[in-house]
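K.L.:
Just to be clear, the model below is a prediction. Sequence and coordinates:
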Amino acid sequence: MILDENRLFPADREARAIAAKLYETVRSLPIISPHGHTDPRWFAENEAFANPAALLIQPDHYIFRMLYSQGVSLESLGIPQADGGQASVDPKEVWRLFAKNYYLFRGTPTRLWLDYSFENQFGLSRRLSPDNADEYYEIIAKKLQTPEFRPRALYEQFNIEVLSTTDTPLDTLEYHKAIRESGWKGRILPTFRPDAVIDADYAGFLNNIEKLGEITGEDTGTWKGYLNALRNRRTFFKSMGATATDHGHPTALTVDLDPAAAASLYGRIISGRSVPEEQEHFRAQMLTEMAGMSVEDGLIMQLHPGSFRNHNRKLYEKFGRDKGADIPSQTEYVRALQPLLNRYGNDQRLTFILFTLDETTFSRELAPLAGHYPALKLGPPWWFHDSAEGMMRFREQATETAGFYNTVGFNDDTRALLSIPSRHDVARRIDCAFLSRLAAEHRIDEDEAFEVIQDLTVNLVRKAYKL
């Protein structure tokens, strides 16, 4: 299973040769990860990971959602439950179960990421199977106990320049503070994700609003106090190094209500008697409010709409959010974003990065929008399209209208630390493959391809996220 050096490059010999040359110029560049979900506690405490299952399987919904789809229970994998409980399972048995079902990942990006990690990080070049599952487990477990596999050492080994986490406005950021005070030079930055106090459908929403007021000393029973509380927390996050906000709304809908109408809507929302249509309009108003605050404080704004979250209610009730049961849905952007863009889309103080789970919108809606509004940029393929094919489709569909320079490079959006270098490697290879084809077809000059690959790998992401 030794990884081929030319994997993901074009089959055409001329294009493949160009792709290989391009790749050599970026393969060792630092990793910049401006949006992800790794746990800051790892880097604050710098403790050894418990075992291979806890490191590679249990935090990664890409893995356990596939296993679950084939009848493997989350209990048998030791996935933590919403109430904090966890089935008592032997991690080695979890690993054996994973190895037995490794064939399920054939043709998926997960297989690419895992094979890369096994070979490059653990020296394991035979394909994982039930026959070598125990050998894999023992080798990985032994390495996890060495200083080289502590979180901070991995950060440095992977040549990560900056790694952003995702945090709610109620988070004390205590682990980020501990990292700062430790003297370690790694850049672990928080990201302001206000869904818990913006989305009335979020579990515990009203309690979250109350807690937001307590933390900030603002009266969140009023519209003005609520907005001031959010500004307060944004300022705090920025003081801790945050450069961006992130919004995981069901749709891209925005509205621009006058202050009196917005205050009236907020009153209905916090009464606890709002209906779904009012909740959607409140989320829509809050996107416009967040854009205005980003103009004020300079935080980059990211929107990740289009996920029908917690589709499997039974699984959600037992295991909570983010357990692989979020499903992409059709998303409209042109009309949905017009109220926000009418107000702020021409303001170059705003950088608004759009993501999608609906690939049909790349060429029809997103690329034309980003190819016009100064404030808009296109985020990379995300989640279900974070794959070789998804990345190539993105370049093919978006570049003709938006170009390269209305995009923001790549981000890995992962909870699995060991997958970070493999995901970035795939992205670099696909960009090299795309550029090599353009150069081989004389659609751009070869020297331009070498400039663009540098920009796609590091320069655009540094600029977009102010890193």
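P.N.:
Okay, I see it.

K.L.:
Quick check: which element contains the spatially closest residue to P30 that is not a sequence neighbour?
P.N.:
Residue nearest to P30 in three dimensions, not counting chain neighbours: E161, with 3.9 Å by CB to CB, 6 or more residues apart in numbering. Where you see a C-beta, it was placed from the backbone N, CA and C, and this is true even at glycine. Taking DSSP states H and E as the criterion, the element that holds E161 is strand 160-164.

K.L.:
ok now that strand, how far from the chain's centre?
P.N.:
For strand 160-164, the distance between its averaged C-alpha position and the chain's averaged C-alpha position is 13 Å (CA atoms, centre = their mean, to the nearest Å).

K.L.:
just to revisit the earlier point, just list the residues touching the residue nearest to P30, thanks.
P.N.:
Taking CB atoms under 8 Å, 6 or more residues apart in numbering as the contact definition, E161 lies against 30-32, 187, 467.

K.L.:
now do S125
P.N.:
S125 is in contact with 1-3, 118-119, counting by CB under 8 Å, 6+ apart.

K.L.:
likewise L299?
P.N.:
The neighbours of L299, taking CB under 8 Å, 6+ apart as the test, are 192, 234, 237-238, 242-245, 293.

K.L.:
In a markdown table, list the contacts of S125 along with secondary structure.
P.N.:
Formatted as a markdown table, the entries for these read as follows, by DSSP: H, G, I helix; E, B strand; the rest coil:
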| residue | secondary structure |
| --- | --- |
| M1 | coil |
| I2 | coil |
| L3 | coil |
| F118 | helix |
| E119 | helix |
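
K.L.:
Out of those residues, which end up buried?
P.N.:
Of the members of these, the ones counted as buried by neighbours, 16 or more other CB atoms under 10 Å, are 118-119.

K.L.:
related to what we said a few turns ago, derive a ChimeraX selection command for the buried subset of the contacts of L299.
P.N.:
In ChimeraX syntax, the buried subset of the contacts of L299 is picked out as below (16+ other CB under 10 Å):
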select :192,234,237,238,242,243,244,245,293
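
K.L.:
Could you confirm F404 falls within a helix?
P.N.:
No. Secondary structure assignment (three-state DSSP) places F404 in coil, not in a helix.

K.L.:
quick one: it and A196, what's the gap?
P.N.:
Here F404 is placed at a distance of 35 Å from A196 (CB to CB, to the nearest Å).

K.L.:
Ok, Y202 next?
P.N.:
Where A196 is concerned, Y202 sits at a distance of 5 Å (CB to CB).

K.L.:
residues bridging contact with those two, i.e. touching both?
P.N.:
Listed contacts common to Y202 and A196 are N208; contacts here mean CB under 8 Å, 6+ apart.

K.L.:
which residues in the stretch 351-467 of the chain form helices?
P.N.:
For the stretch 351-467 of the chain, the helices defined by DSSP state H, counting those that start in this stretch occupy 361, 367-370, 388-402, 420-440, 446-454, 460-464.

K.L.:
among these, which is nearest Y102?
P.N.:
Checking those against Y102 by CB to CB gives helix 420-440 as the closest, at 15.8 Å.

K.L.:
how far off helix 446-454 does the closest one point, in degrees?
P.N.:
For the pair helix 420-440 and helix 446-454, the angle between their directions (axes from the mean of the first three to the mean of the last three CA atoms, to 10 degrees) equals 160 degrees.

K.L.:
Can you show me the helices along the stretch 151-300 of the chain?
P.N.:
Using DSSP H, counting those that start in this stretch, helices in the stretch 151-300 of the chain cover 151-157, 174-182, 205-216, 223-239, 259-270, 276-297.

K.L.:
now these as CSV including mean pLDDT and distance to L341?
P.N.:
Output for those, formatted as CSV (pLDDT from 0 to 100; distance: least, CB to CB, whole Å):
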stretch, mean pLDDT, distance to L341
helix 151-157, 98, 37
helix 174-182, 98, 33
helix 205-216, 98, 27
helix 223-239, 98, 21
helix 259-270, 98, 18
helix 276-297, 98, 9
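
K.L.:
could those helices be laid out in JSON lines, adding distance to P250?
P.N.:
Written out in JSON lines, the entries for the helices of the stretch 151-300 of the chain read as follows (distance: least, CB to CB, whole Å):
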{"stretch": "helix 151-157", "distance to P250": "33"}
{"stretch": "helix 174-182", "distance to P250": "29"}
{"stretch": "helix 205-216", "distance to P250": "14"}
{"stretch": "helix 223-239", "distance to P250": "20"}
{"stretch": "helix 259-270", "distance to P250": "16"}
{"stretch": "helix 276-297", "distance to P250": "7"}
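
K.L.:
how about those helices, which one is nearest L418?
P.N.:
Closest to L418 of the helices of the stretch 151-300 of the chain, according to CB to CB: helix 151-157, at 7.4 Å.

K.L.:
Against which helices or strands is the closest one packed?
P.N.:
For helix 151-157, the contact count by 3 or more CB pairs under 8 Å, 6 or more residues apart in numbering; DSSP states H and E identifies helix 40-45 as packing neighbours.

K.L.:
my guess is H61 meets D322, correct?
P.N.:
Yes. Here H61 lies in contact with D322, judged by CB atoms under 8 Å, at a distance of 6.3 Å.
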